[in-house]
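Visitor: I need the structure of the sequence given here:
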Amino acid sequence: MDKNEELFQEMNYLNIKEYQGFCDKHKIPYHIHIMVDGRLKKTSEKDRKTIVLARMRKFVASGKIEGPTVFAENVVSFIKLTNIAPTTKLHFGQYDKNNTQFLKVMKSLTGGKFKDGAIARILIREFWTDGKAPTLREYAKAWLVSEVGNLENHPEAAYLTDRRANGPDADWKALRIKKAKSVLAVLNKLDR
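Guide: The predicted structure follows:
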């Protein structure tokens, strides 16, 4: 494994504050942007760690900064969902985990299995990133067969990955801090 590969692997141990601090310093975007009335607008929503780390890796390898995730105007709506049915389209700005009608329809479309959580959020953002506001039926179908399901293989779950590979580790927090410090020492030496 070459130095960059090892660094890139160990970047998974950075926590939100650590990787966002690096991004702020180097102007690497991590907020999701939307198009509204033909204008780009930064939201308070943040990209998943996987996406941000990919931008950081590209910056480390090439010095290039990728633009932010942008949801097209056709997938953005802040009109509250009412009279929700399987054919209702779900836009960015409408996902509401507290909307009992939304949850009822999603549970009915998934045989009671639908849960609001990381998988649900990752999957809907994939639709919006691809420029599509899916119907709840399309979303439920995709949720049921999602390849995203095994979160243990995501950088967000470095602990689970380590635990699966090495068994339980009572000192995992100390390991994370040690690896993160090492990564930040290398990153902070970059002449970019």
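Visitor: number of nearby residues for residue 128?
Guide: By the criterion of other C-beta atoms under 10 Å, residue 128 has 24 neighbours. In short, each C-beta sits where N, CA and C put it, glycine included.
Visitor: what bits of the protein have low per-residue confidence?
Guide: For the chain, applying pLDDT under 70 flags the ranges 1-2, 147-170, 191-192.
Visitor: measure the spatially most central residue of the chain to residue 129 for me?
Guide: In the chain, the centroid-proximal residue (C-alpha atoms, centre = their mean) is residue 48; its distance is 2.1 Å. Going from residue 48 to residue 129 by C-beta to C-beta, to the nearest Å gives 11 Å.
Visitor: contacts only, for residue 66.
Guide: 28-29, 54-55, 58-59 (C-beta atoms under 8 Å, 6 or more residues apart in numbering).
Visitor: filter these down to just the ones in helices.
Guide: 54-55, 58-59 (DSSP state H).
Visitor: can you say which of these are buried?
Guide: Listed as buried from these are 54-55, 59; burial here means 16 or more other C-beta atoms under 10 Å.
Visitor: domain ranges for the protein?
Guide: 3-71+171-187, 74-149 (automatic domain parsing).
Visitor: next one: the longest helix seen in the chain to chain centre, how far?
Guide: As assigned by DSSP H, the longest helix anywhere in the chain is helix 172-187. Centre-to-centre, helix 172-187 and its host chain are 22 Å apart (C-alpha atoms, centre = their mean, to the nearest Å).
Visitor: same check on stretch 29-45?
Guide: 15 Å.
Visitor: mind listing what's buried in it?
Guide: 29-30, 32-34, 43.
Visitor: what would those residues look like in CSV with distance to residue 92?
Guide: Shown next, in CSV, are the buried residues of stretch 29-45 (distance: C-beta to C-beta, whole Å):
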residue, distance to residue 92
29, 17
30, 17
32, 8
33, 11
34, 6
43, 8
